[in-house]
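1. coordinates only, no sequence provided:
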């Protein structure tokens with residue numbers, strides 16, 4: 001009887017391992033969008049879209065944020081300068097983390113930027129859980145160079 005129960009236990013473990021490997025492989029094919037990093041807790045956060053870019057600068061259009069995370073287009077445009085990732089492209093969504101003063105009260109500031117990236121469930125959820133392989137969780141700060149606004153009030157969310 002013990003040989004039969006040992007064989008059943010081995011088969012059970014083999015089945016569990018096969019199912020786990022298949023599930024892990026499936027995560028490579030399930031699409032998922034995610035932010036490249038987190039914004040520091042407590043900062044004001046706006047979403048924006050890249051409308052123009054060069055090697056070391058991007059121009060973005062800001063959105064007002066609602067409590068339901070909906071976006072309302074504004075006539076506020078910001079030029080950010082610094083280390084722009086090569087894969088940042090026109091039309092890409094970004095999040096900008098401002099100082100605790102907001103954008104208008106401190107127009108000469110460094111801001112955090114997180115880029116919306118397309119990937120898979122593996123790259124967006126599983127890989128960040130693995131130490132040393134996941135995203136660093138930090139962004140290159142960019143310098144605010146220019147702000148063009150119609151003067152409307154910006155509504156921010158707070159980073160958690």
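-> Received the coordinates, thanks. Everything quoted here is computed from the prediction, not taken from an experiment.
2. please name the nearest non-neighbouring residue to residue 108.
-> residue 144 (6.6 Å; CB to CB, 6 or more residues apart in numbering). C-betas here are computed from N, CA, C, even on glycine.
3. is it correct that the one you found falls within a helix?
-> No - counting by DSSP: H, G, I helix; E, B strand; the rest coil, residue 144 falls outside a helix, being strand.
4. measure it to residue 80 for me?
-> 6 Å (CB to CB, to the nearest Å).
5. now the helix or strand bottoming out on mean pLDDT in the chain, how far from the centre of its chain.
-> Of all helical and strand segments in the chain, the minimum by mean pLDDT, DSSP states H and E falls on helix 121, at a mean of 76. Distance of helix 121 from its chain centroid, counting by CA atoms, centre = their mean, to the nearest Å, is 14 Å.
6. ok, so what distance separates the spatially most central residue of the chain from residue 96?
-> Residue closest to the average C-alpha location in the chain (CA atoms, centre = their mean): residue 35, at 1.1 Å. As judged by CB to CB, residue 35 and residue 96 stand 12 Å apart.
7. with residue 8 instead?
-> Counting by CB to CB - residue 8 and residue 96 are separated by 57 Å.
8. what about the residue nearest to the residue nearest to the centre of the chain when sequence neighbours are not counted, neighbour count?
-> Distance criterion CB to CB, 6+ apart; nearest residue to residue 35, sequence neighbours excluded, is residue 114 at 4.3 Å. Using other CB atoms under 10 Å, residue 114 has 23 other residues around it.
9. residues contacting residue 114?
-> 35, 36, 37, 38, 39, 94, 95, 97, 139 (CB atoms under 8 Å, 6 or more residues apart in numbering).
10. can you tell me the helix or strand for residue 62?
-> strand 57-65 (DSSP states H and E).
11. can you tell me the strand partners of that strand and which way each runs?
-> strand 44-53 (antiparallel), strand 71-81 (antiparallel) (DSSP bridges).
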